[in-house]
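Novice: structure of the sequence below:
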Amino acid sequence: MTVTLTDRPIEKVREEVIDQLIMNYSHGQISLAAFERRLDIANQTDDHHLLVKQVEDLTLQVDESYTESKNESLGTHYTPGNAVEQENITNILSSNKRIGKWDVPKELKCFSLLGNLVLDFSEARFTHPSVRIKLMSLLSDDTIYVPDNVNVIIRTSNVLGSTNTKLEGKTNPEAPTVIIEGLCMLASTNVKMKRTVKQRFVEFAEQLKQMLG
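Specialist: So this is what the prediction gives:
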């Protein structure tokens, strides 16, 4: 017996609709303009019927090959490994950047004094389901880039400082969680994404389209 559409979890319906949009665009069934227009609606609406309307005229359904490609490209980046449990990063009158592909420890303790710290998790490999970042930032400027498919919890305190957050996306219980806590004194901490959820889906769709020739 089929469950009534409006009784289904909205995020599950959204995921299915976006998958079908990507599948049909990558196979040349709809134009880029139509794909992006429908993708915007699918990401923004919480109306079950409006969601389903975006794919009601599309015939191609998601197959096993698509699912494998999606898991490889848009996975949660969580892979059990041998990263250290704890790592310390100290910046005093200096700059420190952790970018590219790197193994994330379970806990990062970061101290910045008159410095600049950049932690970029966009391509990092999460070796623990939960990562804790403990900040002590004094007269410094820190930036943390997180992927759109991880969960983020921020618990910082500010004394004549600021914590600026620019994130989007939904909570995923299967994804790694990044917990940011600590003290910002006369300092600025920025937490943001390098790419939006929409950009991630468009990039994946373009990759599939190129693979299919």
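Novice: show me the contacts for the residue lying closest to Asn96 once chain neighbours are set aside.
Specialist: Leaving aside its sequence neighbours, Asn96 sits nearest to Leu117 (CB to CB, 6 or more residues apart in numbering; 5.4 Å). For every residue, glycine as well, the C-beta is placed using N, CA and C. Counting by CB atoms under 8 Å, 6 or more residues apart in numbering, Leu117 touches 89, 91, 95-97, 110, 137, 140-143.
Novice: I'd like those residues written out as CSV, with neighbour count and pLDDT added.
Specialist: What follows is the contacts of Leu117, written out as CSV (neighbours: other CB atoms under 10 Å; pLDDT from 0 to 100):
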residue, neighbour count, pLDDT
Ile89, 16, 93
Asn91, 18, 91
Ser95, 12, 91
Asn96, 15, 91
Lys97, 11, 92
Cys110, 25, 95
Ser137, 26, 94
Ser140, 26, 93
Asp141, 16, 92
Asp142, 26, 93
Thr143, 16, 94
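Novice: secondary structure added to those, as CSV?
Specialist: Putting the contacts of Leu117 into CSV (DSSP: H, G, I helix; E, B strand; the rest coil) gives the following:
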residue, secondary structure
Ile89, strand
Asn91, strand
Ser95, strand
Asn96, strand
Lys97, strand
Cys110, strand
Ser137, strand
Ser140, coil
Asp141, strand
Asp142, strand
Thr143, strand
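Novice: looking at those residues, which is nearest Lys53?
Specialist: Using CB to CB, Thr143 comes nearest to Lys53 of those, at 39.6 Å.
Novice: quick one on the thing from earlier: give me the mean pLDDT for the helix or strand harbouring the residue nearest to Asn96.
Specialist: Assessed by DSSP states H and E, Leu117 sits inside strand 116-120. Strand 116-120 carries an average pLDDT of 94.
Novice: in it, what's buried?
Specialist: Residues 117, 119-120 are the ones in strand 116-120 that count as buried (16 or more other CB atoms under 10 Å).
Novice: of these, closest to Arg38?
Specialist: Among the buried residues of strand 116-120, Asp120 lies closest to Arg38 (CB to CB), at 31.1 Å.
Novice: any idea how far Glu15 is from that closest one?
Specialist: Distance, Asp120 to Glu15, using CB to CB, to the nearest Å: 27 Å.
Novice: spatially speaking, which residue is in the middle of the chain?
Specialist: In the chain, the centroid-proximal residue (CA atoms, centre = their mean) is Asp148; its distance is 1.2 Å.
Novice: surely that one and Val197 touch.
Specialist: Yes - using CB atoms under 8 Å, Asp148 is in contact with Val197, at 5.0 Å.
Novice: would you mind writing the CA trace of stretch 105-113 as CSV?
Specialist: The C-alpha coordinates for stretch 105-113 follow below in CSV (Å, rounded to 0.1, in the frame of the first residue of the first chain):
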residue,chain,number,x,y,z
PRO,A,105,41.8,14.3,13.9
LYS,A,106,39.1,13.8,16.5
GLU,A,107,40.1,17.0,18.2
LEU,A,108,41.8,20.2,17.0
LYS,A,109,43.1,22.7,19.6
CYS,A,110,43.8,26.0,17.9
PHE,A,111,45.5,29.0,19.5
SER,A,112,45.8,32.3,17.5
LEU,A,113,47.4,35.5,18.7
